[in-house]
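>>> Return a 3D structure for these sequence lines:
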Amino acid sequence: MTEDFYDLLEIPPDASQDEIKDAYREQVRVYHPDLNDDDRAQAQFTAVKTAYDILGDPVERQAYDRLGHEDYVAKRTSGLPSPDVWQSDDEAADDSSGTELSYSESETASASASTASSAAGSATSGSSTASRSSAGTSSTAGAASASAGTATGTSSAGGTGSGSRTSTAGRTGSGTNGGTGGASGPTGSGSGRASGTSTRSETDAGTGNPLARWWRRQNFSLPLLWLSVLVYAAGLGHFGLENAAALGSLRADLRATGGEPAGLWTLLSESRHGLESPIAFVRGVEFVAPPLEPTLWYGVLAGIVAIALGGLLVVRTVTREDTWGPVTIDETIVVALALTTATTLVGGPLLAGAVLMPLLFGVVVRHTRRGPGWKPSYLYLLPVLAPLAGFAVAAAGYGSLPVDLAVFVILPTVGGLGLPLRATIRKQFGW
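Alright, predicted model coming up:
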């Protein structure tokens, strides 16, 4: 069962406004009354519309995140459909009672109002009101009426739509027992048994796939931050293992200075003490023997990244209205995988981490700042940009051991932990 409005729209809690709009449009294509005349679908559409009205408004979304779903609904909304209508098709299939869901009067009134207003754009005239409730073995009779006119998608024979998956719904009318349903045509109104077929498109990405729905509900921002830091830490560990003898000698010399700052600075500045420069180290890394000549091999690795970027651009062009809109977390994951593969094969995890950290930190900070709530500073990017700056300085011939220690060890390891630790504390304790 859906837990909150994010789950209803099948988006993560840190989704951007564009992602919320896209998710709402996907749901509308499934549950809009013009395309699906099942009572359950109409109630689902009402819930989806309410979720979008709240999450699509940055101010209301901030209040919703602050209060939590239950408190927000209790204090600031009324007439929402029962959460039971949010259950998935699999959960609905397990319901052996065969009865319709029960609603309160306020819930049904809200559902009717929302359905009538959404159908106004495709019907020349018409309004419908319905009320129904079930308790024990009896329920009050409802009535449905519509004025003469033309409306698309509903008839006594069934609704029309497009798609590959169909569902049927039947309603039996009687005096005092059971629900009532009716359909009105050009000659008047009537009550009795009405059945309809509604269609549900399977082309909406992730709609009928439980794995895809699970994926969309995950928040990968924080894991991506930690992953980039861990990759870089692995790179430092790799560097330390390859230069273990030189590091041992440097450690002994540092102890001999007695900890005096002037002596330490002189010791570190006078030579590299046998340590490789980071840029020379990554150039010498060879995890896999190149199967091609170096130029062709590097071209193949660059092609991996180019294919990933080109594929994402094609997908954006086909599926998104705003081709050049903000980068999504899913797109970031694809690019990160391509970059990690290429840079690890070129220079090991040290180079991979130096490239990944600025990319992932930048996207996550930008993604977080676009939503309501916490606005992390772009200053979090400065420490994780230090290794790339260090490679540039070393390539220009200005590297030294103190500079390497600062830009490759101190800044990225200490400063780079700032954002993921801050985000973890906020997530766990709300500080």
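>>> and the helix or strand A306 falls within, average pLDDT?
Assigned by DSSP states H and E, A306 belongs to helix 294-319. Mean pLDDT, helix 294-319: 92.
>>> Please apply the same query to stretch 332-346.
Taken as a whole, stretch 332-346 has a mean pLDDT of 94.
>>> Same question for stretch 366-380.
The model assigns stretch 366-380 a mean pLDDT of 83.
>>> quick one: terminal-to-terminal distance for it?
Distance across stretch 366-380, first residue to last, is 11 Å (CA to CA, to the nearest Å).
>>> next one: stretch 50-67
Using CA to CA, the two ends of stretch 50-67 sit 17 Å apart.
>>> Stretch 267-284 too?
Start and end residues of stretch 267-284 are separated by 26 Å (CA to CA).
>>> what do you get for stretch 253-263?
End-to-end distance (CA to CA), stretch 253-263: 10 Å.
>>> Which stretches in the stretch 151-300 of the chain count as strands?
165-171, 194-200 (DSSP state E, counting those that start in this stretch).
>>> give me every residue that touches T424.
Contacts here follow CB atoms under 8 Å, 6 or more residues apart in numbering; on that basis T424 touches L222. Any C-beta I mention is one placed from the backbone N, CA and C, and that applies to glycine too.
>>> Check V363 too.
V327, I329, T332 are the contacts of V363 under CB under 8 Å, 6+ apart.
>>> ditto for G418
Y380, P383.
>>> how much space is there between it and F361?
10 Å (CB to CB, to the nearest Å).
>>> which neighbours do these two share?
Y380.
>>> What strand or helix carries Q428?
helix 418-429.
>>> Now that helix - C-alpha only, CSV.
What follows is helix 418-429, C-alpha atoms only, in CSV (Å, rounded to 0.1, in the frame of the first residue of the first chain):
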residue,chain,number,x,y,z
GLY,A,418,31.5,17.2,4.9
LEU,A,419,28.6,16.8,2.6
PRO,A,420,27.8,13.1,3.0
LEU,A,421,28.2,13.4,6.8
ARG,A,422,25.9,16.4,6.9
ALA,A,423,23.3,14.7,4.7
THR,A,424,23.5,11.5,6.8
ILE,A,425,22.9,13.5,10.1
ARG,A,426,20.0,15.3,8.6
LYS,A,427,18.5,12.0,7.4
GLN,A,428,18.9,10.3,10.7
PHE,A,429,18.2,13.0,13.2
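>>> circling back: when you check the contacts of V363 against the helices, which ones overlap?
In helices, judged by DSSP state H, the following of these are found: I329, T332.
>>> got TSV for the contacts of V363, with neighbour count too?
What follows is the contacts of V363, written out as TSV (neighbours: other CB atoms under 10 Å):
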residue	neighbour count
V327	16
I329	20
T332	20
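>>> Columns distance to L381 on top of the contacts of V363, output as a markdown table?
What follows is the contacts of V363, written out as a markdown table (distance: CB to CB, whole Å):
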| residue | distance to L381 |
| --- | --- |
| V327 | 15 |
| I329 | 17 |
| T332 | 15 |
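>>> so what's A234 up against?
Contacts of A234 by CB under 8 Å, 6+ apart are P349, G353.
>>> Tell me the one of the contacts of V363 nearest A252?
T332 (44.1 Å; CB to CB).
>>> Was I right to think the closest one contacts L224?
Yes: between T332 and L224 a contact is recorded at 7.1 Å, counting by CB atoms under 8 Å.
>>> okay, and the common contacts of the two?
L360.
>>> R66: how many residues sit nearby?
12 (other CB atoms under 10 Å).
>>> just A394 next, same as before
Neighbour count for A394, taken as other CB under 10 Å: 20.
>>> Setting aside sequence neighbours, what's the nearest residue to it?
I279 (4.2 Å; CB to CB, 6 or more residues apart in numbering).
>>> can you pull the buried residues of the helix holding A306?
Applying a neighbour-count criterion of 16 or more other CB atoms under 10 Å, one finds W297, L301, V305, A308, L312, R316 buried in helix 294-319.
>>> Quick check: the third one touching A336?
Put plainly, it is V305. No: V305 sits out of contact with A336 when judged by CB under 8 Å, with a separation of 10.6 Å.
>>> what sits against A354?
Contacts of A354 by CB under 8 Å, 6+ apart are Y232, G235, P387, L388, F391, P412.
>>> mind redoing it with 6 Å?
P387, L388 (CB atoms under 6 Å, 6 or more residues apart in numbering).
>>> Now do the SS call for it.
Classification of A354 using DSSP: H, G, I helix; E, B strand; the rest coil returns helix.
>>> hmm, back to that, considering the buried residues of helix 294-319, which is situated nearest to E10?
Among the buried residues of helix 294-319, and counting by CB to CB, the member closest to E10 is R316, at 19.7 Å.
>>> Run through the residues that contact the closest one.
T323.
>>> Need the pLDDT of the residue nearest to A394.
92.
>>> Would you agree it is in contact with A396?
No: at 10.1 Å, I279 and A396 do not qualify as touching, with contact defined as CB atoms under 6 Å.
>>> Who has more neighbours out of the two?
I279 (19 against 8).
>>> Against R366, how distant is that one?
Taking CB to CB, one finds I279 at 29 Å from R366.
>>> Ramachandran angles for R66?
phi -70, psi -40 (degrees, to the nearest 10).
>>> what's the answer for R272, then?
Dihedral angles (degrees, to the nearest 10) for R272: phi -90, psi -10.
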